[in-house]
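Colleague: fold the following for me, if possible:
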Amino acid sequence: MKGIIFTEFIDLVEAKFGLDTLDDILESAGDDGVYTSVGSYDHRKLVQLVVMLSNKTGIPAEDLQRVFGQSVFNNLYSSLPKSSSLENCQSTFQFIRLVEDYIHTEVKKLYQDANPPRFDFISESETEMEFDYRSARCMAHVCLGLLEGCAAHFEQSINVEMVPQVEDGSNVRFKVVLVE
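Modeller: Reported below is the predicted structural model:
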């Protein structure tokens, strides 16, 4: 997993819960907290930090992942290289399509070791989109938060339904509905 995800998580924990909480969860996890945005790290370290934060705060890990996804969207969006595809993107659904069709492809070109999630699109209309999120990292709640952050960025309202397709969470079906 790319280091930018780790650095964003550490920044979020410090901003929302304070430096003492960040120090506590890093110490509990046996983690020095030293990550670079361009480095690659084992995603299980991030999962461990989320679990430690959940234990410390009493907030369910799924809720923490969701809030993380919501908060990190704009920073990730602004870090993307400018392209005509991104500049022409005007809606949540257009951007979701770009994630699979452009962004994940470009990430793989830049980082041969990258293994981004995959979106398999099932159906799409002007007001609904359905796709399967597939990832060995099983972080569908981060994806949910990213979808919500994306909708906020484009000033749209959405309802999202998540239905796990397998027990381990590596394949989750998302149904996203635009709310007028």
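
Colleague: biggest helix in the chain by residues?
Modeller: Criterion DSSP state H: the longest helix present in the chain is helix 61-79.

Colleague: helices or strands next to that helix in the packing?
Modeller: Helices and strands touching helix 61-79, as assessed by 3 or more CB pairs under 8 Å, 6 or more residues apart in numbering; DSSP states H and E, comprise helix 3-17, helix 43-57, helix 140-153. Using the backbone N, CA and C atoms, a C-beta is placed for each residue, glycine as well.

Colleague: got the angle for that helix vs helix 3-17?
Modeller: Comparing the axes of helix 61-79 and helix 3-17 via axes from the mean of the first three to the mean of the last three CA atoms, to 10 degrees yields an angle of 120 degrees.

Colleague: which parts of helix 61-79 are buried?
Modeller: For helix 61-79, a neighbour-count test (16 or more other CB atoms under 10 Å) marks 62, 64-73, 76-77 as buried.

Colleague: what's the domain layout of this structure?
Modeller: According to automatic domain parsing, the chain comprises the domains 3-59, 69-179.

Colleague: columns mean pLDDT on top of those, output as TSV?
Modeller: Shown next, in TSV, are the domains of the chain (pLDDT from 0 to 100):
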stretch	mean pLDDT
domain 3-59	92
domain 69-179	86
